[in-house]
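> Please work out how this folds:
(one chain, ligands or ions: 1)
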Amino acid sequence: MLTTVNITDDIYYIGVNDRETYLFENLWPLDRGVSYNAYLIDDEQTAVFDTVKNTKTHVFIDKIAGILKDRPLDYLVINHMEPDHSGAIKALQDKYPDLKLVGNTKTFELLEDFYGPLKNYHVIKDGDQLSLGTHTLSFYLTPMVHWPETMMSYESTTGTLFSMDAFGGFGTLDGGIFDDEVNLEFYMDETRRYYSNIVGKYGAMVQKALKKLKDANIPMNIIAPTHGPVWRTDPHCIIDHYDRWSRAETEEGVVIVYGSMYGNTQKMADVIARRLSENGIKNIRIYDASKTHVSYLISDLWRFKGVILGSCAYNTGLFPTMETLVNKLENSQLKDRLLGIFGTASWSGGGVSNLNKFAEKIKWQRVGESVEAKSSPKEKDFQQCIAIADEMAERLIKERA
Ligand code: FEO
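Okay, here's the model as predicted:
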């Protein structure tokens, strides 16, 4: 028996879990997997919303056939055609030859680029509607959240928004499908990691999409994304988080990330953190950039206002794992952080000087003077670290009011 879950009487969850893949997009660690969510509306006309990664094609099609039995599948709505959601389209059209593919012009342009010509295109424009019988769908184009063709579909009798990747996150659905069935602490962390690394660069387009949904004035009873839990009890919780993340709104706290070959830069990080704590800052995270994957660093940097970066020199440059982090940050469009810088030089510099170049490019507010110790930190270097911590704490505390 395959797991299909009723979301309402005739809307089904037909998604699949992926516990095998190590890296999402061959980049982002899937420590606890990922789900590829898809949905089916069983009405006079039947419709599926998005498919799954190609490795999951058979179980996905078996789920659909298990619900429809001998009845045809009339529509596949393609809210997002990235291959983790379009991998089963060809096989689905082989199984249901009259299946109509619903998407916008950009959807079909990209689909043909990836898969070659398909058939039975039903091209929709922003605001178009499609009746399935009892259920009526409205389509909202939400381009660049985070691909050019991305759109959302809204079912009005139940107030269900099929939102593609928006509002979704990493983590398989291990029994619990709905927000009220799972431990949300884990899923919120993994949804922020997904947002900050994959969607966050397009925050302005997320804001446009949220405004479009708000202006449409539609009841939002259920949010059904293509990854992570289905929001039926508190859909506005995830909308609020998306709103805050896409406006780069922060919590009070400091993330310290360092690259250290022999532990000297690390000593400076510990001194800074202790001083922040003495000053009353409670959310302090220290990460060794060589140990923690950059996606987790970006997720925490999206959350907290204070950022303190440290690097030793490595072959006259920045320590490589810190270089990965600052490159990702430069590309991310993350705005409005407080930034302190520290590190060490030995027979050459290159760590602190390159962090200072990064600071000039990213244009965050600087906190204190950057400090660069010679090989190992001495008392005067620690005092400069303390000065960075004092100024960071003071500025964060000032924002409390
Ligand atoms: Fe889940 Fe943008 O693919």
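> Going by C-alpha atoms from here, please, whenever you check contacts or count neighbours.
Fine.
> Give me every residue in the stretch 101-250 of the chain lying close to the ligand.
residue 165 (Cα under 6 Å from any ligand atom).
> which phi and psi does the closest residue to the ligand within the stretch 101-250 of the chain have?
Of all residues in the stretch 101-250 of the chain, residue 165 sits closest to the ligand, at 5.2 Å by Cα to the nearest ligand atom. Dihedral pair for residue 165: phi -70, psi -20, per degrees, to the nearest 10.
> Excluding covalently adjacent residues, which one is nearest to it?
Closest residue in space to residue 165, ignoring its immediate chain neighbours: residue 226 at 5.2 Å, by Cα to Cα, 6 or more residues apart in numbering.
> show me the residues around the one you found that make contact.
By Cα atoms under 8 Å, 6 or more residues apart in numbering, residue 226 lies in contact with 35-38, 50, 85, 162-166, 168.
> Top of the residues you listed by number of neighbours, please.
residue 37 (30 neighbours; other Cα atoms under 10 Å).
> quick one: the strands in the stretch 1-150 of the chain?
5-6, 11-13, 16-18, 23-24, 28-29, 34-36, 39-42, 46-49, 75-77, 100-103, 121-123, 129-131, 136-141 (DSSP state E, counting those that start in this stretch).
> from these, which stretch is densest packed?
strand 34-36 (a mean of 25; mean count of other Cα atoms under 10 Å).
> now check that one, is it near the ligand?
No - Strand 34-36 is not in contact with the ligand by Cα under 6 Å from any ligand atom; minimum separation 7.3 Å.
> Name the residues that touch that strand?
With Cα under 8 Å, 6+ apart as the criterion, strand 34-36 contacts 15-19, 51-53, 84-85, 169-173, 226-228.
> How far does that strand sit from its chain's centre?
13 Å (Cα atoms, centre = their mean, to the nearest Å).
> Tally up the residues packed near residue 216, please.
11.
> how far away is it from residue 127?
According to Cα to Cα, to the nearest Å, residue 216 and residue 127 sit 10 Å apart.
> Where do the strands of the stretch 151-300 of the chain begin and end?
151-155, 160-164, 222-225, 251-259, 284-288.
> can you give me the offset of the last one from its chain's centre?
The one in question is strand 284-288. With Cα atoms, centre = their mean, you get 21 Å for strand 284-288.
> Also stretch 222-241?
14 Å.
> what does stretch 145-160 give?
17 Å.
> Of the contacts of strand 34-36, keep whichever come out buried.
Neighbour counting with 16 or more other Cα atoms under 10 Å marks 15-18, 51-53, 84-85, 169-173, 226-228 as buried within the contacts of strand 34-36.
> Turn the strands of the stretch 1-150 of the chain into a markdown table, including mean pLDDT.
Listed next are the strands of the stretch 1-150 of the chain as a markdown table, based on pLDDT from 0 to 100:
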| stretch | mean pLDDT |
| --- | --- |
| strand 5-6 | 96 |
| strand 11-13 | 98 |
| strand 16-18 | 98 |
| strand 23-24 | 98 |
| strand 28-29 | 98 |
| strand 34-36 | 98 |
| strand 39-42 | 98 |
| strand 46-49 | 98 |
| strand 75-77 | 98 |
| strand 100-103 | 98 |
| strand 121-123 | 98 |
| strand 129-131 | 98 |
| strand 136-141 | 98 |
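> Pipe those strands into TSV and attach distance to residue 242 per row.
TSV is the format used below for the strands of the stretch 1-150 of the chain (distance: least, Cα to Cα, whole Å):
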stretch	distance to residue 242
strand 5-6	26
strand 11-13	23
strand 16-18	24
strand 23-24	21
strand 28-29	20
strand 34-36	19
strand 39-42	22
strand 46-49	22
strand 75-77	24
strand 100-103	24
strand 121-123	29
strand 129-131	26
strand 136-141	17
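> Alright, I will stop here.
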